[in-house]
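[1] what's the 3D shape of this:
(chains A, B, C and D)
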Protein chains: 2
Amino acid sequence: MPDYDGAVTEATNSGAATFPAKRGRGERSSPTIYDIAKLAGVNPSTVSRALSKPGRVSAKTQKIIEDAAEQLNYQVNPFARALPTGRTQTIGLIVADITNPTFFDIIRGAETTGSARDYTLVLAESAESPETELIAARRMLSTVDGLILASPRMDDDKIRALAADKPVAVINREIEGVPCVVPDVNKGISQAVRSLAANGHQQLAYVAGPPQSWMSRRRWEGVQAACDWYKLAAVRLESSKPTVDGGRQVARDVLASGATAVITYNDLLAIGLMQELQAAGIHVPDQISIVGFDDIFGADFTTPPLTTVRSPLGECGSRAATLLLDMLLGHDGPAGAVRVDTELVVRGSSGRLIA
Amino acid sequence: MPDYDGAVTEATNSGAATFPAKRGRGERSSPTIYDIAKLAGVNPSTVSRALSKPGRVSAKTQKIIEDAAEQLNYQVNPFARALPTGRTQTIGLIVADITNPTFFDIIRGAETTGSARDYTLVLAESAESPETELIAARRMLSTVDGLILASPRMDDDKIRALAADKPVAVINREIEGVPCVVPDVNKGISQAVRSLAANGHQQLAYVAGPPQSWMSRRRWEGVQAACDWYKLAAVRLESSKPTVDGGRQVARDVLASGATAVITYNDLLAIGLMQELQAAGIHVPDQISIVGFDDIFGADFTTPPLTTVRSPLGECGSRAATLLLDMLLGHDGPAGAVRVDTELVVRGSSGRLIA
DNA sequence: ATCAATCTGTCAACCGGTTGCCAACTATTG
DNA sequence: CAATAGTTGGCAACCGGTTGACAGATTGAT
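    Reported below is the predicted structural model:
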């Protein structure tokens, strides 16, 4: 069979004129309140009031101005507005790793809630580095009205310092003095451990996440407490990184530990671990049960599908955004951390131990 | 076994003081060039020049000013700068659906490239609606230096109109007169069809994506051309939506079509389709081979792992950002669309037909 | 030493809104 | 009808940078 290189493309319109690069400024810039004022026969300040201070001008003038604005297709210049007021209609979101699906839902939750209230989302990534994170946060802080930090890696004090400057909300970590949204892992963990105990498991391993992760420690505490209660032995194993790859690498430690049930810091680790164990001929869940964390996209694609403690990540993002926007409206932040519920989603990767 | 509600939480610092809501303006606002000017004993405009027009002031003054800026921990006020210049150091990205993993990599690519060149990424979602998309684009356009549209759903003309205002780059669609980055699907498709043909398949079905999707049509054309060449019969099936669920729903049509090989518009459809077929007792790939598109996160989690035509999505995002930033620097856009290569990733969901 | 050419810093206007203050106007009341 | 209170719109200053025009200082050439 002759090779076919797929050359069906219509001639890639080469030779066509290139596009104009950049437009000069004055070209036909958008209308300003001065244009409206002229058209409506009033003072610019009146226009400004009509458009931003409802009730400050008479209904009649209001109407005239609105019509004029409509006619000119007016749009406020956000920068001109931001300069004197400091308000930018923008919230910032910093995540540790954009490619980590855990954050996808958080991003979405924040974006959706924000844009519903006419705020735009500005996104930055810290690449899991506390330093990068701090730099990004500082840079953002001057341009946004408020900041959401998802699973921040920097020190509590640094975060408090940021929060002293502008409203800040934190997801997946509790910091005294800063509004936080955290999944309350205890319910989900206790359900998971109970289910494992009921299925005959006695030895459990927890695969930890990054050492800087507050949430990883929190989960370990939860696991320990639940294991105490249900009389399971619990051991903690370290992972190199909280990814599929990290999960693969930790498989040998899991086997060495003798545990028959594993709870991992996140789903990525669980998936990697499961892949590696299966590759080694171990049957999941007959020989080892695996429970992940978060219920990320794709957790149900695996075979068997992953049992996991679901964190309502989208809700976290959305709640954090709401918190922030409310604070911008002058409300006080919540006294303690906002807790959202977690729950166990039982799928195929956990079950009765078949010795 | 008694129920355990996981109440191990340290007392949720209730009763603690609530957080101050919003800070007044004057409180201790950041230093300005006027502060620097005073400290350095020069005119503010000199400070401005020292900080943004390299070479315009003497080395000596430059040093003095830089030291003063350092000492005061000066940061430019982006809004004040944006007002007269119109430049915001910001690029916008609009995606059709934030939860669709296809876009994760695009977002990442754009963010990484942007932030490497000191641009901040502003994100918005169109929720697959041409109208929402246009509104978001319009709103963004006034606040960003350039705009990236990933898989836009609106008309060519609307996009050209936007592009006439500010630099715009498009991903996953070709529009004459607008810089575009598109995966060149032909290579990947021809590899896929060749592989299927070599495995004995003669009847192929293409499961299409959203009707507004330029890329879906493009892929269908590619599939047709390749099937022509390799002498396969190709039929096109419609999906309700380009998601896992949509894939499930299209399963009955796939069966009815009699095709033994399926190429879907994207991986999500492929995954859903595979799940539904397997649930119906069909063996993949022995009875039906499935090939997806994009190689999204999680495509290799399935059993069997998904064979797919990989689009370098991250690269698309990154390339589009580069294009945009170059245009902002005054370069012309590319003459034709920028093509990036696709390639077949053979995994377990495709193979020899076992009749 | 003289004069032109080049550097360097200052002045002031401007970007496009917002807002405190005030005056004019309207409505209410005695 | 006058006095008072409440509205409404205008003036002008301001937010924090940028930039064209210009003058004084330097430099170099003649």
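[2] quick one, grab the pLDDT at residue A:312.
    Per-residue pLDDT puts residue A:312 at 95.
[3] ok, for it, nearest residue in space, not its chain neighbours?
    Nearest residue to residue A:312 in three dimensions, chain neighbours excluded: residue A:340, at 5.3 Å (C-beta to C-beta, 6 or more residues apart in numbering or on different chains). Bear in mind the C-beta positions are built from the backbone N, C-alpha and C, glycine included.
[4] export the helix or strand containing the one you found as CSV, just CAs?
    Here residue A:340, judged by DSSP states H and E, is contained in strand A:338-341. Coordinates of each C-alpha in strand A:338-341 appear next as CSV, following Å, rounded to 0.1, in the frame of the first residue of the first chain:
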residue,chain,number,x,y,z
VAL,A,338,-15.8,27.5,55.6
ARG,A,339,-16.2,23.8,55.5
VAL,A,340,-17.6,21.9,52.6
ASP,A,341,-18.6,18.3,52.9
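[5] how about the spatially most central residue of chain A, what does it touch?
    When C-alpha atoms, centre = their mean is applied to chain A, the residue found nearest the centroid is residue A:106 (2.9 Å). For residue A:106, the contacting residues are A:93, A:95, A:150, A:171, A:313, A:314, A:316, A:317, A:320, by C-beta atoms under 8 Å, 6 or more residues apart in numbering or on different chains.
[6] now stretch A:137-156: average pLDDT?
    Averaging pLDDT along stretch A:137-156 gives 93.
[7] does any part of that stretch sit near chain B?
    Yes. Using C-beta under 8 Å from any C-beta of the partner chain, stretch A:137-156 reaches chain B at A:138, A:139, A:140, A:142, A:143.
[8] circling back: okay, buried residues for the strand holding residue A:340 please.
    For strand A:338-341, a neighbour-count test (16 or more other C-beta atoms under 10 Å in any protein chain shown) marks A:338, A:339, A:340 as buried.
[9] tell me the residues of chain A that contact DNA strand D?
    Residues of chain A lying close to DNA strand D by C-beta under 7 Å from any atom of the strand are A:42-46, A:55-61, A:83-84.
[10] among those, which are in strands?
    Using DSSP state E, no member of those sits in strands.
[11] can you tell me which of these is nearest residue A:237?
    Nearest to residue A:237 out of these is residue A:83 (C-beta to C-beta; 53.5 Å).
[12] what is the burial count for the closest one?
    Residues near residue A:83, counting by other C-beta atoms under 10 Å in any protein chain shown, number 16.
[13] what's the helix or strand in which residue A:344 is found in contact with?
    Element membership for residue A:344 (DSSP H and E) is strand A:343-345. The contact list for strand A:343-345 (C-beta under 8 Å, 6+ apart) reads A:187, A:188, A:191, A:192, A:195, A:291, A:295, A:307, A:308, A:309, A:310.
[14] and those residues, which is closest to chain B?
    Checking the contacts of strand A:343-345 against chain B with C-beta to the nearest C-beta, the nearest one is residue A:187 at 5.0 Å.
[15] next, residue A:31: secondary structure please.
    coil (DSSP: H, G, I helix; E, B strand; the rest coil).
[16] ok, now which ones touch it?
    A:72, A:73, A:74.
[17] next: residue A:171.
    A:106, A:148, A:149, A:150, A:151, A:180, A:181, A:182, A:316, A:317, A:320.
[18] poorly predicted segments of the stretch 51-200 of chain A, please.
    Within the stretch 51-200 of chain A, no range satisfies pLDDT under 70.
[19] packing partners for the helix or strand that contains residue A:195?
    Assigned by DSSP H and E, residue A:195 falls within helix A:185-198. With contacts defined as 3 or more C-beta pairs under 8 Å, 6 or more residues apart in numbering or on different chains; DSSP states H and E, the packing partners of helix A:185-198 are helix A:214-230, strand A:261-264, strand A:289-294, strand A:307-310, strand A:343-345.
[20] what sits up against the strand holding residue A:340?
    Outside strand A:338-341, the residues within contact range by C-beta under 8 Å, 6+ apart are A:179-184, A:187-188, A:311-312, A:315-316, A:319, A:323, B:12.
[21] quick one: the strands in chain A?
    Under DSSP E, chain A gives strands at A:90-95, A:120-125, A:146-150, A:168-171, A:180-184, A:203-207, A:233-237, A:261-264, A:289-294, A:307-310, A:338-341, A:343-345.
[22] can you get me a residue count around residue A:135?
    The tally of other residues near residue A:135 (other C-beta under 10 Å) stands at 14.
[23] let me see the domain layout of chain A.
    Structural domains annotated on chain A: A:30-72, A:90-182+A:314-338, A:184-312, as defined by automatic domain parsing.
[24] now render these as JSON lines, adding distance to residue B:328.
    Listed next are these as JSON lines, based on distance: least, C-beta to C-beta, whole Å:
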{"stretch": "domain A:30-72", "distance to residue B:328": "19"}
{"stretch": "domain A:90-182+A:314-338", "distance to residue B:328": "18"}
{"stretch": "domain A:184-312", "distance to residue B:328": "34"}
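[25] for these, which one sits closest to DNA strand C?
    For the domains of chain A, distance to DNA strand C was read as C-beta to the nearest atom of the strand. The smallest value, 2.8 Å, belongs to domain A:30-72.
[26] that closest one: how far from the chain's middle?
    Relative to its parent chain, domain A:30-72 has a centroid offset of 40 Å by C-alpha atoms, centre = their mean, to the nearest Å.
[27] what's the neighbour count on the residue of the stretch 201-350 of chain A found nearest DNA strand D?
    Residue of the stretch 201-350 of chain A nearest DNA strand D, by C-beta to the nearest atom of the strand: residue A:328 (18.9 Å). By other C-beta under 10 Å, the residues close to residue A:328 number 19.
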